[in-house]
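*Asks:* next come a sequence and a model predicted from it.
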Amino acid sequence: MNTIPQFSHEVEARHERLDASDYGDIYVVGDVHGSRSALETLLATLDLSDDDLVVFVGDLVRKGPDSPGVVDIVRDDPRLVSVRGNNEQKIVRGDKDPDWLREGDRAYFESLPVAISFDDALVVHGGVDPERSLESHTVDELLTMRAPRGDGYDGPFWYDDYDGPHRVFFGHTVHDTPVEGEHAVGLDTGCVYGGTLTAYDYRSDEFLATDPTTTHQERADSKIVDPV
């Protein structure tokens with residue numbers, strides 16, 4: 001069933017709808033967080049053809065060693081697109097002003113859609129509240145959703161009870177392995193924290209990942225979720 005998400009006017013202005021039939025292979029990739037080396041390794045593994053598409057779940061930048069390098073890779077290749085993550089949003093709002101920020105970077109982050117959809121797939125950074133309609137969500141909620149009736153990394157998490165109609169691909173919440181559900185696929189496997197950078201192959205319904213990466217930032221075990 002090919003359902004088009006119905007958003008509020010605020011979000012719809014930042015929603016990009018794609019036609020999956022325009023592309024060969026389609027991949028959705030987790031949070032990169034400035035880990036350029038891991039991104040280059042993953043893209044080499046994917047071995048993209050000219051008509052393939054890679055959709056990132058946001059948080060391309062911050063925390064890792066080479067945010068500008070990641071931005072350049074994604075921005076300069078028309079096969080690579082991304083939704084906006086909460087870390088891009090912090091820069092757009094002026095909450096963060098990193099020393100690596102260059103002229104044009106903030107405008108690029110502001111240009112990123114908050115949601116990308118194709119077929120019945122919906123890509124957002126944080127997630128959705130299963131008890132509310134998409135029309136009721138704000139931009140910031142889509143970027144930061146984790147445990148709407150819980151307590152942060154203690155859960156319960158939004159995807160525990162989400163049953164569609166869309167299959168939501170998301171990042172933001174770090175897991176030690178991908179979340180693989182009928183209606184929710186979590187792809188932040190903590191590459192900046194020494195984990196893997198994970199891609200989901202939409203056509204083949206399988207995950208691909210780099211080997212565990214260099215730890216660029218430490219993270220407490222309590223903030224890495226076991227999806228089981």
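*Replies:* Structure received.
*Asks:* tally of neighbours for residue 226?
*Replies:* A count of neighbours around residue 226, defined by other C-beta atoms under 10 Å, yields 8. Quick note: C-beta positions are derived from backbone N, CA and C, even for glycine.
*Asks:* that one reaches residue 174, doesn't it?
*Replies:* No. Applying C-beta atoms under 8 Å as the test, residue 226 and residue 174 come out as separate, 10.8 Å apart.
*Asks:* so where's the chain shaky on pLDDT?
*Replies:* 1 (pLDDT under 70).
*Asks:* so which residue is dead centre in it?
*Replies:* With distances taken as C-alpha atoms, centre = their mean, residue 57 lies nearest the centre of the chain, 1.4 Å away.
*Asks:* ok, the closest residue in space to that residue that isn't next to it in sequence - contacts?
*Replies:* Counting by C-beta to C-beta, 6 or more residues apart in numbering, residue 171 is the residue found nearest to residue 57 once chain neighbours are left out, at 3.6 Å. Shown in contact with residue 171 (C-beta atoms under 8 Å, 6 or more residues apart in numbering): 30-31, 57-59, 85, 125-126, 186-188.
*Asks:* got the contact list for the residue nearest to the centre of the chain?
*Replies:* Residue 57 neighbours (C-beta under 8 Å, 6+ apart): 28-31, 82-83, 85, 123-125, 169-172, 187-188.
*Asks:* among the contacts of residue 171, find me the one that's closest to residue 202.
*Replies:* residue 187 (11.8 Å; C-beta to C-beta).
*Asks:* residue boundaries of the strands in the chain?
*Replies:* For the chain, strands defined by DSSP state E occupy the ranges 15-17, 26-29, 53-56, 80-82, 115-118, 121-123, 167-170, 179-180, 184-186, 198-201, 206-209.
*Asks:* who are the packing partners of the fourth one?
*Replies:* Here strand 80-82 is seen to pack against strand 53-56, helix 67-75 when contacts are counted using 3 or more C-beta pairs under 8 Å, 6 or more residues apart in numbering; DSSP states H and E.
*Asks:* so can I have CSV of these showing distance to residue 156?
*Replies:* What follows is the helices and strands packed on strand 80-82, written out as CSV (distance: least, C-beta to C-beta, whole Å):
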stretch, distance to residue 156
strand 53-56, 26
helix 67-75, 32
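*Asks:* looking at the ones you listed, which is closest to residue 5?
*Replies:* strand 53-56 (14.5 Å).
*Asks:* would you list every one of the helices in the protein?
*Replies:* 9-12, 36-46, 67-75, 86-93, 105-111, 139-144 (DSSP state H).
*Asks:* make JSON lines out of these and add mean neighbour count and distance to residue 157.
*Replies:* Putting the helices of the chain into JSON lines (neighbours: other C-beta atoms under 10 Å; distance: least, C-beta to C-beta, whole Å) gives the following:
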{"stretch": "helix 9-12", "mean neighbour count": "14", "distance to residue 157": "21"}
{"stretch": "helix 36-46", "mean neighbour count": "18", "distance to residue 157": "25"}
{"stretch": "helix 67-75", "mean neighbour count": "19", "distance to residue 157": "27"}
{"stretch": "helix 86-93", "mean neighbour count": "20", "distance to residue 157": "16"}
{"stretch": "helix 105-111", "mean neighbour count": "15", "distance to residue 157": "26"}
{"stretch": "helix 139-144", "mean neighbour count": "20", "distance to residue 157": "13"}
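*Asks:* fine by me, we can end here.
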